[in-house]
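Enquirer: here is my input; please provide its structure:
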Amino acid sequence: MASVRLTDRPLSVASAFRALEARGAGGVTIFVGRVRPDPGTGGRVVALVYEAHRGPALARFRALAREAERRFPTLGLVLWHRTGRLRVGEISVIVGAACAHRAPAFATARFLIEDLKVTVPIWKSERARPARRPRRPRDRRVGRSAG
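Expert: This is a model prediction of the structure:
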């Protein structure tokens, strides 16, 4: 059973883990993507803004889940993504897989996040704090009289 979600509300790893509870699931893998403070083109990133074409994004999530269920022996899947403005440290995406064993759980989660990043119509833009320009030391001699 797959759980897909596109929301402007915070994502919870505990909720994702509960959604992946399945009888016989000996391996549960959860990948969590968070906003990080990378140096961007306009300075240090302080937030990302995620936008999506909701209908097509959810349709792609469902198709991705069906493909994962066809390719891997899954007992449960999670594909959740945030939209809106997210500050550094906030969770932007959670994908997870529950399988009988760890190897297919890892493979499924990897397939989900890699395909999601490439095929789901979700875009992000950076909000950055401009980098500080280095201060030039003042020359204390400037402006002094000679005598």
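Enquirer: before we move on, what SS does the closest residue in space to T108 that isn't next to it in sequence have?
Expert: Leaving aside its sequence neighbours, T108 sits nearest to A97 (C-beta to C-beta, 6 or more residues apart in numbering; 3.6 Å). C-beta here means a position set from N, CA and C on the backbone, and glycine is covered the same way. Here A97 takes the strand state, with states given by DSSP: H, G, I helix; E, B strand; the rest coil.
Enquirer: what does P10 give?
Expert: Once three-state DSSP is applied, P10 turns out coil.
Enquirer: over to the one 4 residues further on?
Expert: A14 falls in the helix class when you classify it by three-state DSSP.
Enquirer: check it and give its pLDDT.
Expert: As predicted, A14 sits at a pLDDT of 98.
Enquirer: please shift the residue numbers so they start at 16 in all later answers.
Expert: Yep, numbering from 16; the last one is A29 now.
Enquirer: tally of neighbours for the residue nearest to T123?
Expert: As a burial measure, A112 scores 31 neighbours (other C-beta atoms under 10 Å).
Enquirer: now do R102
Expert: Neighbours of R102 (other C-beta under 10 Å): 12.
Enquirer: same question, H116
Expert: H116: 11 neighbours (other C-beta under 10 Å).
Enquirer: need the helices for this structure, in chain order.
Expert: Remark: helices assigned in the chain by DSSP state H are 28-34, 69-86, 117-134.
Enquirer: put the alpha carbons of the shortest one into PDB.
Expert: Coordinates of the C-alpha atoms in helix 28-34 are reproduced here as PDB (Å, rounded to 0.1, in the frame of the first residue of the first chain):
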ATOM      1  CA  VAL A  28       9.400  11.000  10.100                       C
ATOM      2  CA  ALA A  29       7.500   9.300  12.900                       C
ATOM      3  CA  SER A  30       4.300   9.500  10.800                       C
ATOM      4  CA  ALA A  31       6.100   8.100   7.800                       C
ATOM      5  CA  PHE A  32       7.400   5.200   9.900                       C
ATOM      6  CA  ARG A  33       3.900   4.400  11.100                       C
ATOM      7  CA  ALA A  34       2.600   4.500   7.500                       C
END
